[in-house]
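In: below is the sequence, then the predicted model.
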Amino acid sequence: MYQRLIARNNIHSSSNGNLSSRTTLIRKFERNVHAARSVSSPEFLVNDPRYGWLSELGIREDNLGVYDGEWKGSGEVISSTSPTDNRQIARITTGTVDDYNATRQAAQLAWRSWSETPAPRRGDIVRQIGNALRDRRNLLGKLLSLEMGKILAEGEGEIQEVIDICDYALGLSRTFSGHVFPSERAGHSLMEVWNPLGVVGVITAFNFPAAVYGWNLGIALTCGNSTIWKPASTTPLIALAMCNIISKTLKDNGIPGAVASLVCGASPIGRAMSADPGVSLLSFTGSTEVGRDVGVTIQRRFGRSILELGGNNAIIVCDDADADMVVRSTVFAAVGTAGQRCTTTRRIIIHSSLYDQILERLKSAYAQVSIGDPLNDGVLYGPLHTRAAVEEYREAITEINQSGGTIAYGGRVLDDRNGNFVEPTIITNLSHDTPIVHKETFAPILYVMKCDDLTEAIRWNNEVTQGLTSSIFTRDLGRVYQWLGPHGSDCGIVNVNIPTSGAEIGGAFGGEKETGGGRESGSDSWKQYMRRSTCTINYSKELPLAQGIKFE
């Protein structure tokens with residue numbers, strides 16, 4: 001029987017060919033699968049003919065969730081569930097801390113040869129990864145929508161973002177460089193040299209389960225690092241599918257698969273990564289509460305971190321704003337991904353001369369948003385990701401009512417649907433400093449406020465603890481530069497006449513304050529993935545000291 005199980009689940013022997021270890025792994029896997037089947041429904045979407053395309057991505061009913069050049073897994077068996085109807089998609093055997101430790105060692109070993117590969121060659125392999133993902137863009141987008149809940153256009157767009165960063169990385173591989181400085185000493189050269197760090201850990205959240213990993217993978221690999229990816233526990237299948245594609249590209253190029261490793265698992269894996277001195281840089285995307293603990297743990301060992309945490313993002317609407325652009329931008333940024341982006345617009349501060357008009361137009365636009373299965377054509381708004389998110393939405397509505405807020409639109413949980421659906425919601429009549437307004441509720445709730453003084457509106461924008469993204473709508477250049485200046489928005493992303501969402505990959509992505517201060521994707525974010533050495537080379541026969549010091 002176990003031979004069939006091996007073939008079905010792609011279990012391979014370890015690299016040292018230890019038969020005993022292989023047998024132990026098989027037996028543990030069989031026990032876990034048996035235990036899962038004893039408590040789980042036999043109906044899985046992966047076996048439904050409507051979702052037959054999942055097999056094209058290598059997804060089976062039972063999957064192994066650890067990859068370090070070989071597929072394995074000896075931890076808990078979990079199920080991935082579609083938030084559209086709360087049906088199980090497939091099962092995954094996750095990794096243990098021991099699995100993680102073995103994977104990190106494999107990634108460290110793979111790094112030694114990968115780091116010696118010329119950077120342009122590394123960039124070309126990353127380009128090939130992008131092309132392989134491009135060939136599966138629609139299928140990956142469908143899986144992302146099925147597992148996470150965002151609409152198909154957003155799912156495919158997220159995969160496109162990974163493809164774009166792979167293209168970007170190819171150019172980067174021939175352009176990142178240090179500087180040569182004039183030396184004050186004759187016969188000396190002063191320069192800086194950049195080298196890869198080693199192993200880069202990536203912990204991603206459910207809301208962008210592919211793009212954030214792509215930012216890190218493309219740049220980290222091009223800079224000469226190996227990676228270990230821990231996806232969110234609720235979105236493991238998109239990670240498995242991407243890892244299947246990436247590992248094949250690496251294998252085709254003779255590169256060890258552990259260069260792009262994967263460990264699916266719960267919080268003990270994340271804690272192990274945070275505390276592991278063998279992880280030179282850890283990128284963490286998640287809540288501010290958890291990110292604070294991650295940051296402290298990493299700092300305790302003097303490691304490097306990139307923290308992408310919460311956001312409580314605002315749009316400011318001046319009296320000269322284009323109302324059409326404001327409404328379209330706000331609906332996209334507040335309703336898109338059912339309010340579950342870190343860049344979601346959660347507050348809009350409107351000049352009184354436009355307040356009534358924009359509020360009524362927003363209500364009208366919200367009423368036209370089609371709600372349903374995110375894989376269906378014409379749907380613009382899918383479910384929240386989990387039942388817990390629905391309860392958080394319900395609790396927020398209760399607090400809003402207790403605080404004296406008015407529900408101008410929405411406010412209901414759609415209990416008549418099988419999935420995790422709530423109405424996109426507009427709230428008025430709350431003060432800018434009401435506690436619930438300052439709280440980041442990861443749901444489609446938009447607080448609409450009135451303010452006629454730009455300086456005061458900017459203060460409201462800045463008074464929350466997070467500082468991710470922000471936007472102003474105005475035609476006045478003086479206001480634009482006030483917004484961009486030292487007393488303007490204190491966010492990491494400061495937009496003008498566009499939504500708070502929809503950042504391009506060419507710029508650095510990240511925020512200030514409790515958003516974490518990390519920067520990923522474009523600009524000079526690559527520098528975080530490398531170590532800088534300042535090098536002084538003496539090519540003379542003399543030994544002068546700097547600053548003219550004589551020590552004779």
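Out: Okay, I see it. Numbers count the residues shown, from 1 in each chain.
In: doesn't residue 461 make contact with residue 489?
Out: Yes: contact between residue 489 and residue 461 holds when scored by CB atoms under 8 Å: they sit 5.8 Å apart. Where you see a C-beta, it was placed from the backbone N, CA and C, and this is true even at glycine.
In: which neighbours do those two share?
Out: Listed as contacting both residue 489 and residue 461 by CB atoms under 8 Å, 6 or more residues apart in numbering are residue 470.
In: of these two, which one has the most company?
Out: Looking at residue 489 and residue 461 with other CB atoms under 10 Å, you find the greater number of neighbours at residue 461, namely 27 against 23.
In: could you measure from the more buried one over to residue 355?
Out: Between residue 461 and residue 355 the distance is 17 Å, computed by CB to CB, to the nearest Å.
In: same deal with residue 175?
Out: 47 Å.
In: between those two, which one's more packed in?
Out: Between residue 175 and residue 355, counted using other CB under 10 Å, residue 355 has the larger neighbour count: 19 against 9.
In: wasn't the more buried one part of a helix?
Out: Yes: under the criterion used here (DSSP: H, G, I helix; E, B strand; the rest coil), residue 355 sits inside a helix.
In: how about it: what's its closest non-neighbour residue?
Out: Using CB to CB, 6 or more residues apart in numbering and skipping residues adjacent in sequence, the residue nearest residue 355 is residue 450, 4.9 Å away.
In: I'd say the one you found and residue 353 touch.
Out: No: distance between residue 450 and residue 353: 10.0 Å, which falls outside the contact criterion (CB under 8 Å).
In: which of those two has more neighbours?
Out: With neighbours defined as other CB under 10 Å, residue 450 and residue 353 compare such that residue 450 has more, 19 against 14.
In: who does that one bridge with?
Out: Listed beta-bridge partners, residue 450: residue 350 (assigned using DSSP bridges).
In: residues in contact with it?
Out: Taking CB under 8 Å, 6+ apart as the test, what residue 450 contacts is 349, 350, 351, 352, 355.
In: what's the closest of these to residue 454?
Out: residue 351 (8.7 Å; CB to CB).
In: need the helix or strand of this structure with the lowest average pLDDT.
Out: Within the chain, confidence by mean pLDDT, DSSP states H and E is lowest for helix 2-9 among all helices and strands, at a mean of 34.
In: list the buried residues of the helix or strand containing residue 330.
Out: Secondary-structure assignment from DSSP states H and E places residue 330 in helix 323-335. Neighbour-count burial for helix 323-335, with 16 or more other CB atoms under 10 Å as criterion, is recorded at 326, 327, 329, 330, 331, 332, 333, 334, 335.
In: who's in contact with that helix?
Out: For helix 323-335, with CB under 8 Å, 6+ apart as the criterion, the contacting residues are 313, 315, 317, 341, 343-346, 348, 354, 357-358, 361-362, 365-366, 369, 380-381, 424, 444, 446, 471, 473, 497-502.
In: tell me which of the residues you listed fall in helices.
Out: Using DSSP state H, the subset of these located in helices is 354, 357, 358, 361, 362, 365, 366.
In: can you say which of these are buried?
Out: 354, 358, 361, 362, 365, 366.
In: which of the residues you listed sits closest to residue 419?
Out: Using CB to CB, residue 366 is the member of these that sits closest to residue 419, with 19.3 Å.
In: who touches the closest one in this structure?
Out: With contact set as CB under 8 Å, 6+ apart, residue 366 has these partners: 331, 335, 409, 410, 424, 426.
In: where does it land on pLDDT?
Out: pLDDT, the model's per-residue confidence, is 98 for residue 366.
In: for it, give its distance to residue 132.
Out: Separation of residue 366 from residue 132 (CB to CB): 39 Å.
In: with residue 55 instead?
Out: Spatial separation of residue 55 from residue 132 under the definition CB to CB is 17 Å.
In: these two: which has the busier surroundings?
Out: When neighbours are counted by other CB under 10 Å, residue 55 and residue 132 differ, and residue 132 comes out ahead with 18 against 11.
In: what strand or helix carries that one?
Out: Residue 132 is located in helix 119-135, with elements delineated by DSSP H and E.
In: from the chain's centroid, how far away is that helix?
Out: Taking CA atoms, centre = their mean, to the nearest Å, the mean C-alpha location of helix 119-135 is offset from the chain mean by 20 Å.
In: mind listing what's buried along that helix?
Out: Going by neighbour count (16+ other CB under 10 Å), the buried part of helix 119-135 is 119, 122, 123, 124, 125, 126, 127, 128, 129, 130, 132, 133.
In: which elements pack onto that helix?
Out: Helix 119-135 is packed against helix 152-172, helix 211-222, helix 236-252, with contacts defined by 3 or more CB pairs under 8 Å, 6 or more residues apart in numbering; DSSP states H and E.
In: got JSON lines for those, with mean neighbour count, mean pLDDT and distance to residue 543 too?
Out: Formatted as JSON lines, the entries for these read as follows, by neighbours: other CB atoms under 10 Å; pLDDT from 0 to 100; distance: least, CB to CB, whole Å:
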{"stretch": "helix 152-172", "mean neighbour count": "21", "mean pLDDT": "98", "distance to residue 543": "38"}
{"stretch": "helix 211-222", "mean neighbour count": "28", "mean pLDDT": "98", "distance to residue 543": "39"}
{"stretch": "helix 236-252", "mean neighbour count": "22", "mean pLDDT": "98", "distance to residue 543": "47"}
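In: with distance to residue 418 added, can I get the ones you listed in CSV?
Out: Formatted as CSV, the helices and strands packed on helix 119-135 follow (distance: least, CB to CB, whole Å):
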stretch, distance to residue 418
helix 152-172, 19
helix 211-222, 28
helix 236-252, 20
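In: can you pull the contacts of the residue nearest the centre of the chain?
Out: Nearest to the geometric centre of the chain sits residue 212, at 3.2 Å (CA atoms, centre = their mean). For residue 212, the contact set (CB under 8 Å, 6+ apart) comprises 202, 204, 205, 283, 285, 308, 520.
In: return the subset of those lying in strands.
Out: 202, 283, 285, 308, 520 (DSSP state E).
In: how close does the third one get to residue 186?
Out: Relative to residue 186, residue 285 is positioned 50 Å away (CB to CB).
In: ok, those two, which is more surrounded?
Out: More crowded of residue 285 and residue 186, by other CB under 10 Å: residue 285, with 27 against 9.
In: I figured the more buried one hits residue 208, correct?
Out: Yes: contact between residue 285 and residue 208 holds when scored by CB under 8 Å: they sit 7.4 Å apart.
In: anything in contact with each of those two?
Out: A shared contact of residue 285 and residue 208, defined by CB under 8 Å, 6+ apart, is any residue touching both; here these are residue 342.
In: show me what the helix holding residue 132 is in contact with.
Out: 114, 140, 159, 162-167, 169-174, 176, 217-218, 221-224, 242, 245-246, 248-250, 252-253, 255.
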